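> requesting a structural model of the entry that follows:
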Amino acid sequence: MHRPGTNEDDVRMSDVLCDFCRRPWTEDVPMIEGHRGSVICGNCLAVACAALAGDPGGDAGGDFDCTMCLEGAKDRAALDRAAEGGWRSPMYPEAAICRRCADQAAGALQLDPDSDWTRPAST
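Numbering: from 1, shown residues only. Model prediction:
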């Protein structure tokens, strides 16, 4: 997501906000982008991965739209994915990530040579 008032012709790093905690993008915390400008920071992704590892169904419930891939419970693919679970931001409940997107984002961020992010260990 972009900070309100962002000049779309001159988007700066600090204009990009995590959809799940609204933290601005900085050099300290990596971010990964989904569809249409959706973004999750490494901190929120770590919490999501840990929550999904500890609770296979996740806490998003079956009726959620994934903020990252934009697929909703009404889509056939999302119905299958809803059974896999998802994580909902405790700060912004409209922001949820499905297990597939969390896994893909974690894999990509962990492989990024500019990031020292690692997927949290399963408990």
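
> low-confidence stretches in this protein?
Within the chain, the ranges that satisfy pLDDT under 70 run 55-62, 73-83, 122-123.

> which helix or which strand is home to the residue nearest the centre of it?
For the chain, residue 40 is the residue whose C-alpha lies nearest the centre (C-alpha atoms, centre = their mean; 4.0 Å). Applying DSSP states H and E as the criterion places residue 40 in strand 39-41.

> so which bits of stretch 36-49 are buried?
Going by neighbour count (16 or more other C-beta atoms under 10 Å), the buried part of stretch 36-49 is 38, 39, 40, 41, 42, 43, 44, 45, 46, 47, 48, 49. Every C-beta, even on glycine, is put in place using the N, C-alpha and C of the backbone.

> what's the closest of these to residue 71?
Nearest to residue 71 among the buried residues of stretch 36-49, counting by C-beta to C-beta, is residue 38 at 11.8 Å.

> what sits against that closest one?
By C-beta atoms under 8 Å, 6 or more residues apart in numbering, residue 38 lies in contact with 1, 19, 67, 68, 70.

> hang on, the last one packs against residue 64?
Which is residue 70. No - between residue 70 and residue 64 there is no contact under C-beta atoms under 8 Å: 11.6 Å.

> more crowded one of these two?
Using other C-beta atoms under 10 Å, the more surrounded residue of residue 70 and residue 64 is residue 64, with 25 against 14.

> gap between the more buried one and residue 109?
22 Å (C-beta to C-beta, to the nearest Å).

> correct me if wrong: residue 51 contacts residue 87.
Yes - between residue 51 and residue 87 a contact is recorded at 5.0 Å, counting by C-beta under 8 Å.

> ranges for the helices of this protein?
In the chain, the segments counted as helices under DSSP state H are 42-54, 76-84, 99-111.
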